[in-house]
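Novice: starting from these lines, generate the structure:
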Amino acid sequence: MLNEVIIPVMDETTETVLLSRWLKQEGDAVQKGEVICEIETEKASVEIEASADGALRKIFIEAGTQIPPRTVVALVGAVSEPIPDLDPYYQTPKKRAAESSTSSSTTTSSSTIPATTTVAPSKEVRISPRARRLAEDNGIDLAMVNGSGPEGRIVEDDIKAAIASKATPSTAKPAGDLASRVARAKAERVSQSWRTIPHFHMSITVDLSNVVARKKTSGSATKLTYTDFFAEALAQILPQHPLLNGHWLNDAFAPAQEIRLGIVVQTERGLVIPAMRDVRNRSLEDLAAEREPLVKQALAGALNASAMAEPTFTLTNVGQGHVDSFNAIISPPQVAILAVGSLQPRALVANNEVKICQSATFTLGVDHRAVDGRDAAAFLESLKTALEH
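Specialist: The predicted structure follows:
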C-alpha cells in the first residue's frame, strides 16, 4: 500500500509554508520516521518524516514551492506498487482537518481517495520566509529586488543588499508603522479565537507542597521543572475527562484518541506550542526527557513535524514571579487550555487550620460549545487531587 506524506497543520493562521528542500530523491529507500524534506514557516524550520518504510516513489511538489498545510507532497511504498494518477491537492483542508483529529499520525493516510483538484499552489513571488520578514520590516518593495537564489528566488542576502543600497527609499515606512508577520499572525489567531470561541474560565488554588518536595528530592538525570509535574498530573487525569481533550471541527466536538500535550513556549519569533507525543501512561522522567529538548528546539526554531502537530490540550505556565493567575486564550481547534500562575507562599486552610504553603492558581479556559461548567469544575477538582497527593 502506498502511504501519503502530508504537510501537517502548523497552526490555524498558517495559510502556506515553503517546501525548502528535499533530502531524498524519487527511488531512494527510506525508513518510517526518517527525514525526507524540510519546510519553513514563520516561526520554525520543520523536518518532514517518511510515513512508512519503503521507497520514495513519487515527489509531487518541487523544492521552493509555497503550499498550503495538509498538502500531499510525496508517496512512500513498495517499488512494485503502481503509482495512481492523482493530484496532490485533491482533499480539502476541512476534510483533511477532520481526518487529522482522529489519526494518530499527521503524516500517513490511505491513498485510495478519488482525485479532485481543490487548491492550486501559490504563484506569489518566490522568496524565503526570512527574506520576506526582513523585507517587510524594512519597507522593501519585492518587485524592485532581483533574486539570486534557485530559479530567481529572493534570499536574505538579496534583501540585505537592497537595504544597504537603499534601493526603494520612497516605499520605506517608519519602523513604528510596520508590524512583523509573526505579530500579525499572532493577532489574527488571537482575534479569531476570541471572536469564534465562547470562552469561559474557572480557577482553583492548589497546595503544591508535595510537588515542591518531590522536585527537591528527585534523583532524575533530567533537570525537572514544575511544568513536568503539571504534565504528569494532566496525563493522569485527562483520560477521565475526555470532553476537554480534542478538537472542535465542523461544528462538532471530535474527541482525540491520544493526549498530545501542547507546551506554550515564548520565542524570539513569538509564541509557539510544540506538542508532546501521547503522554498517557508515561513516567515523570520520561515526560521531562521529552519536554527539555522540545523546548530547546522551539527556542531555536528547529522543531520537527511531529512536534508541530496540533495539540489536543495545551498547558501554559507563567513561571517565576508574582502573577497570581491569568486567563489564557484557547488555540483553535482545541477546546481547552490550562494556565498556571506563579508559585507563591499563601495562607491556605486545611483541616480547619491555617498554614503557609507553596501554592499556585490554575485557571482552566474552555470552549463552552464542548464543555459545560460541571465538567470544567470536575476537571479542576481532579487536578487538585492529583497534585496534592
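
Novice: which parts of the protein are helices?
Specialist: Applying DSSP state H to the chain gives helices spanning 93-102, 129-137, 156-164, 181-196, 209-217, 226-237, 284-300, 373-388.

Novice: relative to Trp22, which of these is closest?
Specialist: helix 129-137 (17.6 Å; CB to CB). For the C-beta atoms, the positions are set from N, CA and C on the backbone; glycine is no exception.

Novice: need the helix or strand of this protein with the lowest average pLDDT.
Specialist: Across the helices and strands of the chain, mean pLDDT, DSSP states H and E gives its lowest value to helix 93-102, namely a mean of 44.

Novice: thinking again about what came up before, most packed of the helices of the chain?
Specialist: For those, average neighbour numbers computed from mean count of other CB atoms under 10 Å are highest in helix 226-237, which has a mean of 22.

Novice: give me the contacts around that one.
Specialist: The contact list for helix 226-237 (CB atoms under 8 Å, 6 or more residues apart in numbering) reads 208, 211, 214-215, 259, 261, 263, 276, 279-284, 287-288, 291, 313, 315, 317, 338, 340, 343, 379, 382-383, 386-387.

Novice: orientation of the lengthiest strand in the chain relative to helix 209-217 in degrees?
Specialist: As assigned by DSSP state E, the longest strand anywhere in the chain is strand 353-367. Orientation check (axes from the mean of the first three to the mean of the last three CA atoms, to 10 degrees): strand 353-367 against helix 209-217 gives 90 degrees.

Novice: which neighbouring elements make contact with strand 353-367?
Specialist: Contact here means 3 or more CB pairs under 8 Å, 6 or more residues apart in numbering; DSSP states H and E; on that basis strand 353-367 packs against strand 199-207, helix 209-217, strand 336-340, strand 344-350, helix 373-388.

Novice: who's in contact with the longest one?
Specialist: Identification of contacts with helix 373-388 by CB under 8 Å, 6+ apart yields 200, 202-204, 206-211, 229-230, 233-234, 236-237, 240-241, 243-244, 338, 362, 364, 366.

Novice: and that helix with strand 199-207, angle?
Specialist: Counting by the same axes, to 10 degrees, helix 373-388 lies at 30 degrees to strand 199-207.

Novice: same thing with the second one?
Specialist: With the same axes, to 10 degrees applied, the angle from helix 209-217 to strand 199-207 works out at 70 degrees.

Novice: who does helix 209-217 touch, helix- and strand-wise?
Specialist: By 3+ CB pairs under 8 Å, 6+ apart, helix 209-217 packs against helix 226-237, strand 353-367, helix 373-388.

Novice: average model confidence for that helix?
Specialist: Helix 209-217 carries an average pLDDT of 95.

Novice: how far does that helix sit from the chain's center?
Specialist: 30 Å (CA atoms, centre = their mean, to the nearest Å).

Novice: and for the longest one?
Specialist: Computed by CA atoms, centre = their mean, the chain-centroid distance of helix 373-388 equals 26 Å.

Novice: before we move on, the earlier item: closest one to Glu26 among the helices and strands packed on strand 353-367?
Specialist: strand 336-340 (42.1 Å).

Novice: contacts for the closest one next, please.
Specialist: By CB under 8 Å, 6+ apart, the surrounding residues in contact with strand 336-340 are 226, 230, 234, 244-245, 313-318, 325-331, 360-367, 371, 383.

Novice: Arg369 touches Phe253, doesn't it?
Specialist: Yes: between Arg369 and Phe253 there is a contact under CB atoms under 8 Å: 7.3 Å.

Novice: just checking, Phe60 touches Val73?
Specialist: Yes: contact criterion CB under 8 Å: Phe60 and Val73 qualify, at 5.6 Å.

Novice: these two - which one has more neighbours?
Specialist: Per other CB atoms under 10 Å, whichever of Phe60 and Val73 has more neighbours is Val73, with 23 against 18.

Novice: do you know the pLDDT at the more buried one?
Specialist: Value listed for Val73 in the pLDDT field: 91.

Novice: isn't it up against Val5?
Specialist: Yes: counting by CB under 8 Å, Val5 is a contact partner of Val73 at 5.4 Å.
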